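Participant: Any chance you can model this:
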Amino acid sequence: MNQPTPVFPANRHALYEAHGYSAAIRSGDLLFVSGQVGSRADGTPEPDFAAQVQRAFDNLQATLAAAGCTFADLIDVTTFHTDPEKQFPTIMQIKNTVFPQPPYPNWTAVGVTWLAGFDFEIKVIARVPTKPE
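Facilitator: Just a heads-up that it's a prediction; the model follows:
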């Protein structure tokens, strides 16, 4: 039986330790990534919305890389938005640079009223690629 293994991106472990959760948990060949926000290295929100979304994707990429994954390994994406109607064009513009061509992961977008000072959060499940033998 596989033991779930925590995964942390480089230089961000203290933030997760302070809040008592893991950036991601690997279980077998699946990686369950906690919601990633557009936080700076000190944990504060990026004030500009587009920069906050880009930083959330950058933070996600760092967490994926720590587990040996890339955006191509995503199978399920859930995003949370404080003002979806207003924010969607900006999010789509950035999303299109991260996922420029098919196959795209499945995606669920959820409108919320609170994200602890942030306006965008992305949570994913990825399949960890097998290493060639």
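
Participant: I'd like the average pLDDT over stretch 118-133.
Facilitator: Averaged across stretch 118-133, pLDDT comes to 90.

Participant: who's in contact with it?
Facilitator: The set of residues external to stretch 118-133 that reach it, using Cβ atoms under 8 Å, 6 or more residues apart in numbering, is 26, 29-39, 45, 49, 52-53, 56-57, 60, 64, 67-69, 73-83, 87, 91, 105, 115. To be clear about C-beta, it is placed using only N, CA and C from the backbone, and glycine gets the same treatment.

Participant: buried ones in it?
Facilitator: The neighbour-count check on stretch 118-133 (16 or more other Cβ atoms under 10 Å) flags 118-126, 128 as buried.

Participant: now swap in stretch 56-65 and tell me
Facilitator: Buried residues in stretch 56-65, counted by 16+ other Cβ under 10 Å: 56-64.

Participant: CA atoms only for that stretch - export them in PDB, please.
Facilitator: Taking C-alpha atoms only, stretch 56-65 is exported to PDB below (Å, rounded to 0.1, in the frame of the first residue of the first chain):
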ATOM      1  CA  ALA A  56      -1.000  31.600  -8.700                       C
ATOM      2  CA  PHE A  57      -0.100  29.600 -11.800                       C
ATOM      3  CA  ASP A  58       3.600  30.100 -11.100                       C
ATOM      4  CA  ASN A  59       3.200  28.800  -7.500                       C
ATOM      5  CA  LEU A  60       1.200  25.900  -8.900                       C
ATOM      6  CA  GLN A  61       4.000  25.200 -11.400                       C
ATOM      7  CA  ALA A  62       6.600  25.200  -8.600                       C
ATOM      8  CA  THR A  63       4.500  22.700  -6.600                       C
ATOM      9  CA  LEU A  64       4.000  20.500  -9.600                       C
ATOM     10  CA  ALA A  65       7.700  20.500 -10.400                       C
END
